[in-house]
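J.: Provided below for reference: sequence and predicted model.
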Amino acid sequence: MSVTKNKWTPTHGDPYRPVPYTPARMDAAASLARAAELRARMDERRTVRQFSTDPVPEQVVRDAIACGATAPSGAHQQPWTFVLVKDPDVRRRIREAAEAEEQVSYEGRLGEEWLEALRPLGTDDVKPHLTDAPALIVVFQQRYWLAEDGTKRKHYYVDESVGIAVGMLLSALHLSGLAALVHTPSPMRFLAEVLGRPVNEKAFAVIPVGYPADDCVVPDLVRKSLDQVLVEV
Ligand SMILES: Cc1cc2nc3c(=O)[nH]c(=O)nc-3n(C[C@H](O)[C@H](O)[C@H](O)COP(=O)(O)O)c2cc1C
């Protein structure tokens, strides 16, 4: 059966077509310097929950999304959609729905163990970042491929692929000078409804983006050391 092409899977079913890939090799000294610089810059990234309402250059956000969309993905199916929400009315509806879910969560749905895990973060059910941050990216997973004619095809490793894409997006935003928050109101079904996404898409995260507010504070967290996370065999 022939597979209907659509824009999400540009090479689905094509034959193998090798092309040369010979990027210039970075010498070891340059590599070490770049790695050390990136390690220090990435260690400066913090999740921000209090945003300035100052606008950000929109192209920086689009470029960061484009960086996220270069991520590797299972069978190169690129099972992601990034919705950049600018309309203040839509943002207000997302905030109202998110806060309604979060209220139920914080009032007990999460359970004591989860609430205990969240305690050091100082979070609650009030989510001003959803309307304060000048940009809001809602990331959707395409749980399966849905062609315009209704044909469905399986997508492989969707969680892993979208997680990697979001990691690359967050890195790009941070290295471009913008702050972000990965917000996962649970359950997130309302996002597909408010944003009118197709049935094959499931919300993965809401990512407010902007500059930290002048009085922004972050929890005093400690990251695991490299020794604690790296095993060399
Ligand atoms: C998958 C995922 C879901 C998260 N969900 C929320 C959330 O719903 N609300 C929130 O305030 N922070 C959320 N966070 C942010 C984490 O709390 C934060 O990354 C963590 O506390 C470490 O802080 P740091 O990012 O400043 O290093 C989430 C992060 C990830 C990766």
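T.: Right, received. Where do you want to start?
J.: Tell me how far residue 58 lies from residue 64.
T.: Here the criterion is CB to CB, to the nearest Å. By it, residue 58 lies 11 Å from residue 64. Where you see a C-beta, it was placed from the backbone N, CA and C, and this is true even at glycine.
J.: before we move on, what about residue 139?
T.: Residue 139 is 12 Å from residue 64, where distance means CB to CB.
J.: Quick check: neighbours shared by those two?
T.: In terms of CB atoms under 8 Å, 6 or more residues apart in numbering, residue 139 and residue 64 are both contacted by the residues residue 169.
J.: and those two? which has more neighbours close in?
T.: Neighbours around residue 139 and residue 64, counted as other CB atoms under 10 Å, are more numerous at residue 64. The numbers are 26 against 23.
J.: Pretty sure that one sits against residue 173.
T.: Yes. In this structure, residue 64 is within contact of residue 173 by CB atoms under 8 Å, at 4.6 Å.
J.: which residues do the two both contact?
T.: Taking CB under 8 Å, 6+ apart as the criterion, residue 64 and residue 173 both touch residue 209.
J.: separation between the most centrally placed residue in the chain and residue 231?
T.: What sits nearest the mean C-alpha location of the chain, by CA atoms, centre = their mean, is residue 166, with 3.4 Å. To residue 231, residue 166 is 25 Å away according to CB to CB.
J.: Same check on residue 211?
T.: Taking CB to CB, one finds residue 211 at 38 Å from residue 231.
J.: if you count what's nearby, which of these two comes out ahead?
T.: For residue 211 versus residue 231, neighbours defined as other CB under 10 Å are more numerous around residue 211 (18 against 6).
J.: contacting residues for the more buried one?
T.: Going by CB under 8 Å, 6+ apart, residue 211 touches 51-52, 54, 56, 178-179.
J.: What score does residue 146 have for pLDDT?
T.: Listed pLDDT for residue 146 reads 88.
J.: got the residues of this protein near the ligand?
T.: Applying CB under 6 Å from any ligand atom, we find that the chain lies next to the ligand at 46-47, 49, 121, 123, 181-184, 218, 221.
J.: Quick check: buried residues in stretch 61-71?
T.: By neighbour count on 16 or more other CB atoms under 10 Å, the buried set for stretch 61-71 is 61, 64-65, 67-68, 71.
J.: So what touches that stretch?
T.: For stretch 61-71, contacts defined as CB under 8 Å, 6+ apart pick out 78, 80, 82, 84, 135, 137, 161, 164-169, 171-173, 176, 178, 209.
J.: Could you rerun that using 6 Å?
T.: With contacts defined as CB atoms under 6 Å, 6 or more residues apart in numbering, stretch 61-71 is touched by 82, 135, 164-165, 168-169, 172-173, 176, 209.
J.: neighbour-wise, which of the residues you listed leads?
T.: Highest neighbour count within the contacts of stretch 61-71, by other CB under 10 Å: residue 169, with 28 neighbours.
J.: Could you measure from the residue nearest to that residue when sequence neighbours are not counted over to the ligand?
T.: The spatial neighbour of residue 169 that comes closest, neighbours along the chain excluded (CB to CB, 6 or more residues apart in numbering), is residue 68 at 3.2 Å. Plainly put, residue 68 is 14 Å away from the ligand if you go by CB to the nearest ligand atom, to the nearest Å.
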